[in-house]
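Undergrad: dropping a prediction and its sequence here:
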Amino acid sequence: MSANELSDTCDVSLVTVYRRLEKLVEHDLISEQDELAPDGNHFKKYKTSVEHIDIRLDQGDFKVNVRSSMKDDASDRFKRMWDNIRREDS
């Protein structure tokens with residue numbers, strides 16, 4: 001869906017949609033694809049990258065496992081691994 005379609009469907013402001021989309025893209029939960037409108041303008045469509053989310057409560061802590069439907073290349077896997085290491089160090 002486009003941001004406008006999401007705004008209409010979810011009945012929220014376009015500003016809110018863009019703010020949420022930015023976070024979802026940042027965390028690789030959705031992907032964005034440029035589209036060309038019949039009038040020649042460009043816009044983005046968004047598609048989920050998530051195949052499955054498993055949330056568990058373990059002794060008061062949440063454990064979340066997200067399985068992506070996107071195929072990662074080596075650089076994506078390395079970046080994710082590095083980000084996880086940096087999070088564990090903080």
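TA: Cool, the structure landed.
Undergrad: most centrally placed residue in this protein?
TA: For the chain, the residue sitting closest to the mean C-alpha position, by Cα atoms, centre = their mean, is residue 29 at 2.5 Å.
Undergrad: how about the contacts made by it?
TA: Applying Cβ atoms under 8 Å, 6 or more residues apart in numbering to residue 29 gives the contacts 48-50, 66. (Glycine included, C-beta is placed from N, CA and C.)
Undergrad: who are the contact partners of residue 52?
TA: So residue 52 contacts 66-67 (Cβ under 8 Å, 6+ apart).
Undergrad: can I assume it sits in a strand?
TA: Yes - counting by DSSP: H, G, I helix; E, B strand; the rest coil, residue 52 is part of a strand.
Undergrad: in TSV: the contacts of residue 29, plus secondary structure and pLDDT.
TA: As requested, these are exported to TSV (DSSP: H, G, I helix; E, B strand; the rest coil; pLDDT from 0 to 100):
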residue	secondary structure	pLDDT
48	strand	88
49	coil	84
50	strand	83
66	strand	81
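Undergrad: confidence score at the residue nearest to the centre of the chain?
TA: Reading off the confidence values, residue 29 has pLDDT 86.
Undergrad: start to end distance for stretch 19-38?
TA: Stretch 19-38 has an end-to-end distance of 26 Å (Cα to Cα, to the nearest Å).
Undergrad: what are the buried residues along that stretch?
TA: For stretch 19-38, the neighbour count (16 or more other Cβ atoms under 10 Å) marks 21, 24, 28-31 as buried.
Undergrad: return the subset of the residues you listed lying in helices.
TA: Among the buried residues of stretch 19-38, the residues falling in helices (DSSP state H) are 21, 24.
Undergrad: tell me the secondary structure of residue 16, please.
TA: Applying three-state DSSP: residue 16 is helix.
Undergrad: ditto for residue 38
TA: Taking three-state DSSP, the label given to residue 38 is coil.
Undergrad: now the helix-or-strand element of the chain with minimal mean pLDDT: buried residues?
TA: Least confident helix or strand of the chain, by mean pLDDT, DSSP states H and E, is helix 74-89 with a mean of 73. Under the neighbour-count criterion of 16+ other Cβ under 10 Å, helix 74-89 has nothing buried.
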